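In: Fold the stuff below for me.
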Amino acid sequence: MATALSLSSSSLWHHYCKPTSRIALGFKLKSTLSTTITMSAAPSTTTKVLPAVIVGGGRVGKALQDMGNGEDVLVKRGEPVPLDFPGPILVCTRNDDLEAVLEATPKSRWSDLVFFQNGMLEPWFQSKGLGDADQVLAYFAVAKLGEPPTDGKTDTNPEGLTAAYGKWASAIASRLLAGGLSCKVLDKEAFEKQMLEKLIWICAFMLVGARHPGATVGAVEKEYRSEVSSLIAELAAAAAAEKGVVFEEAMEDRLCAYSRAVAHFPTAVKEFQWRNGWFYALSEKALAAGMPDPCPLHTAWLKEIKVV
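Out: From the prediction side, this is the model:
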């Protein structure tokens, strides 16, 4: 059964992917509207960092504050976001806290919010009138509170994978550069594809790992490669069909390379609404309409670990 699903997913995967040889940058540039700037360098004391409001004093929030020039305002749980502090508002909380963050932010400042969360945020953005919200895909890790972050550079993407989108994207890139990290500034189309790739990474590696208790991300990549490969292909095909995007080929290679870079990460299916829940909703929608499940392997494994 698994073999049949894998073959079916693979054929869909090739339908929705195109050769990377067509485009050297790894995504489709759209005339002059696309902007890609990659910033990467050693930490610099001369880099201009725009002061910001940082919401969330955890590992990421503290790391971003340490990259600043001592002029940031840190907002902790339950505290209001200041109305008159200019600049971006960096939201570094758990996804389930976003509702409270929005309530604590004056509506006139909503356009300055920059979201650092993983997962599929678009439905929530749309429900709140934040359809064009600034976002950051943070491919860096902070092991402990107060420790410097480690850039998630890989053997397939040595230039770094972190990406920012929106009106404050350049300011975010400058801040990360000051902290010795890389950051790409992308247009909406390119950012969406990278966001979907990271969503697929989280959903695939966490689910396969959950089927094998105690498996780290590195173990999934090394010991359960065939399982995660089948799931990546299936989820990529479903995401491409739903969002109308065309992924570059070699997604599996990129995602596995990132997994090797963060091999020590534990695996668990968390924040279901924001992650695997998006794909499961596609399955439910298709089945309700009398159509085949676009993610049968994903659905079966979620049921196997009793998440649904």
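
In: Which residue is the nearest non-sequential neighbour of Ala239?
Out: Residue nearest to Ala239 in three dimensions, not counting chain neighbours: Leu196, with 4.9 Å by CB to CB, 6 or more residues apart in numbering. Backbone N, C-alpha and C define where each C-beta goes, glycine included.

In: quick check, distance from whichever helix or strand that neighbour is part of to the centre of its chain.
Out: Assigned by DSSP states H and E, Leu196 belongs to helix 188-211. Relative to its parent chain, helix 188-211 has a centroid offset of 7 Å by CA atoms, centre = their mean, to the nearest Å.

In: same deal with stretch 208-225?
Out: 20 Å.

In: Can you show me the CA trace of it as CSV?
Out: Extracted as CSV, the C-alpha positions of stretch 208-225 are listed here (Å, rounded to 0.1, in the frame of the first residue of the first chain):
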residue,chain,number,x,y,z
VAL,A,208,7.4,10.4,10.5
GLY,A,209,9.3,11.0,13.7
ALA,A,210,6.2,10.6,15.7
ARG,A,211,5.7,7.2,14.2
HIS,A,212,9.0,6.2,15.6
PRO,A,213,9.1,7.3,19.3
GLY,A,214,12.4,8.9,20.3
ALA,A,215,13.5,9.6,16.7
THR,A,216,15.2,12.9,16.1
VAL,A,217,15.0,14.9,12.9
GLY,A,218,18.4,13.5,12.0
ALA,A,219,17.2,9.9,12.6
VAL,A,220,14.2,10.5,10.3
GLU,A,221,16.5,11.8,7.6
LYS,A,222,19.0,8.9,8.0
GLU,A,223,16.9,5.9,9.0
TYR,A,224,13.4,6.6,7.6
ARG,A,225,14.3,8.4,4.4
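
In: Flag the shaky bits of the stretch 151-300 of the chain, pLDDT-wise.
Out: Judged by pLDDT under 70, the stretch 151-300 of the chain has no weakly predicted residues.

In: so where do the strands sit in the stretch 101-250 of the chain?
Out: Using DSSP state E, counting those that start in this stretch, the strands of the stretch 101-250 of the chain run over residues 113-115, 134-137, 140-141, 150-151, 163-165, 183-185, 247-248.

In: closest to Leu90 out of those?
Out: In terms of CB to CB, the element of the strands of the stretch 101-250 of the chain nearest to Leu90 is strand 113-115, at 5.1 Å.

In: what's next to the closest one, contact-wise?
Out: Defining contact as CB atoms under 8 Å, 6 or more residues apart in numbering, one finds that strand 113-115 is touched by 88-91, 98, 101-102, 105, 121, 130, 133-136, 164, 166, 168, 172.

In: ok, 6 Å please
Out: Here strand 113-115 makes contact (CB atoms under 6 Å, 6 or more residues apart in numbering) with 88-91, 134-135, 168.

In: Report the strands that pair with it, each with its relative direction.
Out: Paired strands of strand 113-115, with direction, are strand 89-91 (parallel), strand 134-137 (parallel) (DSSP bridges).

In: I'd like the distance from the first one to the chain centre, please.
Out: Using CA atoms, centre = their mean, we find the averaged C-alpha position of strand 89-91 to lie 16 Å away from the chain's own average C-alpha position.

In: ditto for stretch 77-90
Out: Counting by CA atoms, centre = their mean, stretch 77-90 comes out at 23 Å from the chain centroid.

In: Export only the CA atoms of it, formatted as CSV.
Out: Provided in CSV are the C-alpha atoms of stretch 77-90 (Å, rounded to 0.1, in the frame of the first residue of the first chain):
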residue,chain,number,x,y,z
ARG,A,77,3.0,38.3,28.0
GLY,A,78,0.0,40.4,29.0
GLU,A,79,1.7,43.7,28.4
PRO,A,80,0.4,46.2,25.8
VAL,A,81,2.2,47.0,22.6
PRO,A,82,3.1,50.8,22.7
LEU,A,83,1.2,53.0,20.3
ASP,A,84,3.8,55.7,19.6
PHE,A,85,7.1,53.6,19.3
PRO,A,86,8.0,53.8,15.6
GLY,A,87,9.4,50.9,13.6
PRO,A,88,8.6,47.2,13.3
ILE,A,89,6.9,45.0,15.9
LEU,A,90,8.6,41.7,15.9
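
In: Thanks a lot, catch you later.
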